[in-house]
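Undergrad: dropping the sequence and predicted coords here.
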Amino acid sequence: MTVNCILERVTETRSTNDDLLERWRAGELIDPVARIAHKQTAGKGRAGRKWLANPKDSICFSMAFPFNRSPAELTGLSLLVGIAVIDGIAKACQLDMFQLHQSGLRLKWPNDLLLNGAKLAGILIEGGQAKPGDPSWMIVGVGMNLSNANAVEQNLSQSGLKVGSLEQLLRPEAYLPDIEYLWLTLLESFEMHFKKFDQFGFASFQQDWMKWDAFANQKVCISGSGKETVYGIAKGVDTNGALLLEQADKTIAIYAGDVSLRIQS
Ligand SMILES: O=C(O)CCCC[C@@H]1SC[C@@H]2NC(=O)N[C@@H]21
């Protein structure tokens, strides 16, 4: 396994994303860094939510990576991270993509990993470009449930999803990998995918993402941040990672932001 970024392991911190964000804002980031915390005391989720995680049963880490693209060209990044997490899980757990797909692993646009509809992992991406011409430093944070034993149920009440875990995914044949090995394998996958994404953009991952689409051809609604709720049939994503929503007379593209996607009831 080859991981090139700087590795930081801490026992406790408020949020691994905030730690790296502060350094980016202070202009202190020079090389890619990955930071893992045994415990986060103020872990953050998307849309201002908290990310509560039991240290025994979850893995929480962030990676800061400089992209040579402007933030506007990084719209598909959260989707790409989902693909990279699946690839990392496959390698760390020695499962192939077919087995993972059969087990019910899916991606929920724009950035959740679901296991038969329950949330296995969440992704929070922050950062940006200090000034035009600079690299875009993106802080990619991942929280993954390893086991359901002491799962923190508050996360599910906030997101409306049940808690899923890696242990459930692997049961009954396989065992959970060692956390350090899992982390390094995920980082190796991130580095590989980030480099390819930086070079070719999301278009080269579009078809791959669609294979894991949790809501393909289902009636969904999108709501969030004061915007009007929109309804339609989910038709995958475009080459920028925008969700395509088929409506009566047209297909619209929805860009990720503080929006939430739900099955229409
Ligand atoms: O599902 C979500 O809303 C995203 C959750 C992201 C949680 C991770 S845990 C590591 C990193 N540090 C944080 O404060 N949040 C992310």
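TA: Yes, it's here. Residues are numbered from 1 along each chain as shown.

Undergrad: C-alpha only now, for contacts and for neighbours.
TA: Fine.

Undergrad: going along the chain, name the strands of this structure.
TA: For the chain, the strands defined by DSSP state E cover 6-13, 33-40, 58-67, 105-108, 112-115, 118-129, 136-145, 219-224, 227-237, 243-246, 251-254, 260-263.

Undergrad: CA atoms only: put the fourth one into PDB for me.
TA: In this case it means strand 105-108. Extracted C-alpha coordinates of strand 105-108, given in PDB (Å, rounded to 0.1, in the frame of the first residue of the first chain):
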ATOM      1  CA  LEU A 105     -24.300  -1.000  -0.900                       C
ATOM      2  CA  ARG A 106     -25.300   2.200  -2.700                       C
ATOM      3  CA  LEU A 107     -24.600   5.900  -3.100                       C
ATOM      4  CA  LYS A 108     -27.200   8.400  -2.300                       C
END
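
Undergrad: get me the contact residues on the stretch 101-250 of the chain for the ligand.
TA: Within the stretch 101-250 of the chain, the positions lying close to the ligand (Cα under 6 Å from any ligand atom) are 122, 123, 124, 141, 142, 143.

Undergrad: ok, what's across the strand from the second one?
TA: Spelled out, that is residue 123. Note on residue 123: beta-bridge partners by DSSP bridges are residue 142.

Undergrad: still on that earlier bit, wait, which of the strands of the chain is closest to residue 25?
TA: Closest to residue 25 of these is strand 118-129 (Cα to Cα; 8.5 Å).

Undergrad: which one of the residues of the stretch 101-250 of the chain next to the ligand sits closest to residue 11?
TA: Closest to residue 11, out of all of these and judged by Cα to Cα, is residue 143, at 15.6 Å.

Undergrad: gap between the closest one and residue 38?
TA: Here residue 143 is placed at a distance of 11 Å from residue 38 (Cα to Cα, to the nearest Å).

Undergrad: residues that sit against both of the two, list them.
TA: Shared contacts of residue 143 and residue 38 (Cα atoms under 8 Å, 6 or more residues apart in numbering): 59, 60.

Undergrad: how about stretch 65-82: buried residues?
TA: 65-71, 74-82 (16 or more other Cα atoms under 10 Å).

Undergrad: do the same with stretch 23-36
TA: Buried-residue list, stretch 23-36, by 16+ other Cα under 10 Å: 24, 29, 32, 33, 34, 35, 36.

Undergrad: one more: stretch 245-265?
TA: 245, 246, 253, 254, 255, 256, 259, 260, 261, 262.

Undergrad: and what of stretch 5-13?
TA: Quick answer for stretch 5-13 (16+ other Cα under 10 Å): 5, 13.

Undergrad: what does that stretch rub up against?
TA: Residues contacting stretch 5-13 (Cα under 8 Å, 6+ apart): 31, 32, 33, 34, 35, 36, 37, 38, 39, 40, 41, 42.

Undergrad: burial of the nearest residue to residue 41 once chain neighbours are set aside, as a residue count?
TA: Computed as Cα to Cα, 6 or more residues apart in numbering, the closest residue to residue 41 that is not its neighbour in sequence is residue 14, at 4.5 Å. Counted with other Cα atoms under 10 Å, residues neighbouring residue 14 total 14.

Undergrad: next one: the one 5 residues further on
TA: If you count neighbours by other Cα under 10 Å, residue 19 ends up with 14.

Undergrad: neighbour-wise, which of the residues of the stretch 101-250 of the chain next to the ligand leads?
TA: residue 141 (27 neighbours).

Undergrad: quick check: that one touching residue 121?
TA: No. Counting by Cα atoms under 8 Å, residue 141 does not reach residue 121; the two are 10.4 Å apart.
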